[in-house]
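[1] need a 3D model of the following:
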Amino acid sequence: MSGRYLVVLLLAAAVAQADQQFADIGDLQLVGGGAIGHCRVGYRTDGTLNADKSNVIVVPTWFGGTAEELERFGIIGPGKLADTDKYYVIAIDALANSVSCSPSNSHAVGGGPVPAIAIEDMVNSQYRLLTGHLGIRHVKAVIGISMGGMQTYQWIESYPDFMDKAVPIQGTPRQTSFDLIQWQTHKNLIRALQAHGASEHEIGDLISDVNLLTLFTPDYFVKKLPQDKVPEYMAQMRAGRVSFHPDDYVAQLEAMIGQDVIGTGEAGAKAYADRVKADVLIVGVTSDHMVNPGPGEALAPKIGAESLVVEDICGHVGTDCQAAEKQIGDRVAAFLAD
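    Okay, the predicted model is just below:
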């Protein structure tokens with residue numbers, strides 16, 4: 001990674017950091033039992049709120065991501081997926097992302113470690129932030145990518161009347177067996193490294209390498225990355241990663257492992273469908289190896305959702321490939337404006 005590129009990244013982060021905000025939402029009861037004391041939730045706002053507060057879009061963060069990253073990587077901004085020229089965008093740091101309350105920076109009520117966190121807890125904390133701290137009672141849309149998409153599916157179930165529209169992008173309503181193998185392997189690797197005394201930095205670097213196996217596709221690397229550039233590329237990816245405490249990473253892994261809003265069989269899908277009130281657009285990428293698009297595609301007709309299936313070789317970062325990014329952006333913009 002060039003020194004100039006590093007400077008650009010640092011400057012971008014410094015500018016966005018000025019907008020970081022926090023709210024203490026009080027003690028947060030967790031669905032699996034226990035509670036987090038004085039849970040602090042991070043968020044960022046951009047755009048102009050209209051008089052009747054009808055142009056609010058909520059964007060929860062992806063796995064390991066932050067609200068700052070959503071801005072830095074161009075998900076939020078003028079003319080972007082979450083268009084701040086048209087909407088008032090509230091990006092919310094998911095629990096256990098090392099910004100909002102997490103195992104590394106919080107405590108359980110009554111002392112002791114923070115109990116297991118679920119995707120549902122993430123959504124509940126966001127609802128508390130929006131209604132109790134920001135005075136938002138209804139929003140135009142919830143849009144999430146990856147684990148943000150998983151939270152969007154949970155928003156649809158937990159607070160069906162809260163939004164007009166919902167757009168889960170490359171998320172899933174329930175994990176497939178391959179998804180579970182992947183996330184469990186990440187968790188096992190981190191715990192093994194911790195048991196052998198690896199530093200937080202060493203663990204982060206190795207997880208960055210492992211993520212490359214499913215973040216993109218084999219075809220993407222074969223066609224886009226020359227063999228002699230592999231060491232440089234892996235070093236760049238390590239250098240550009242966001243610092244993330246291993247215990248927080250595992251907490252989000254466990255939340256995804258336990259995520260399932262529809263259960264198995266037709267009865268589960270019907271129960272979920274009966275709760276859906278929002279207009280829904282489900283976006284998937286066929287080549288996605290990190291979050292399997294199958295469950296979302298199967299759910300779409302059962303809940304009367306619109307569906308966009310993108311064909312490309314970029315895999316889980318399909319929203320970042322130029323052609324796919326435009327296709328998804330145009331479809332989401334039209335869906336929100338409809």
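[2] outside of the helix or strand hosting residue 167, which residues touch it?
    Assigned by DSSP states H and E, residue 167 falls within strand 163-169. Outside of strand 163-169, the residues within contact range by Cβ atoms under 8 Å, 6 or more residues apart in numbering are 58, 138-146, 148-150, 152-153, 155-156, 278-283, 296, 319, 328, 332, 335-336. Any C-beta I mention is one placed from the backbone N, CA and C, and that applies to glycine too.
[3] just the buried ones from those residues?
    Using 16 or more other Cβ atoms under 10 Å as the burial test, the contacts of strand 163-169 include 58, 139-146, 148-150, 152-153, 155-156, 278-283, 296, 319, 328, 332, 335-336 as buried.
[4] residue 305 reaches residue 278, doesn't it?
    No. The pair residue 305 / residue 278 is not scored as a contact, 9.3 Å apart, by Cβ atoms under 8 Å.
[5] pass me the low-pLDDT residue ranges in the stretch 1-150 of the chain, would you?
    The stretch 1-150 of the chain contains residues with pLDDT under 70 at 1-18.
[6] that one: helices as residue ranges?
    Using DSSP state H, counting those that start in this stretch, the helices of the stretch 1-150 of the chain run over 3-17, 67-72, 119-128, 147-158.
[7] with the stretch 151-300 of the chain instead?
    Using DSSP H, counting those that start in this stretch, the helices of the stretch 151-300 of the chain run over 177-195, 200-215, 218-224, 230-240, 246-257, 265-275, 294-299.
[8] for the second one, what is the average pLDDT?
    To tie it back to what came earlier, the one meant is helix 200-215. Here helix 200-215 scores 95 as its mean pLDDT.
[9] leaving out sequence neighbours, find the closest residue to residue 323.
    residue 312 (6.6 Å; Cβ to Cβ, 6 or more residues apart in numbering).
[10] can I assume the one you found sits in a strand?
    No. Counting by DSSP: H, G, I helix; E, B strand; the rest coil, one finds residue 312 to be coil, located in no strand.
[11] pretty sure it sits against residue 324.
    Yes. Between residue 312 and residue 324 a contact is recorded at 4.7 Å, counting by Cβ under 8 Å.
[12] in stretch 282-299, what counts as buried?
    Those would be 282-285, 287-297, 299, for stretch 282-299 by 16+ other Cβ under 10 Å.
[13] which of those residues sits closest to residue 27?
    When those are compared for distance to residue 27 (Cβ to Cβ), residue 291 wins out at 31.8 Å.
[14] mind checking pLDDT for the closest one?
    97.
[15] residue 242 is in contact with residue 64, isn't it?
    Yes. The criterion here is Cβ under 8 Å, and residue 242 meets it with residue 64 at 6.8 Å.
[16] so those two - more neighbours on which side?
    Remark: of residue 242 and residue 64, residue 64 carries more neighbours, 22 against 16, as counted by other Cβ atoms under 10 Å.
[17] who touches the residue lying closest to that one once chain neighbours are set aside in this structure?
    Ranked by Cβ to Cβ, 6+ apart and with sequence neighbours excluded, the top spatial neighbour of residue 64 is residue 244, at 5.4 Å. Shown in contact with residue 244 (Cβ under 8 Å, 6+ apart): 64, 97, 98, 204.
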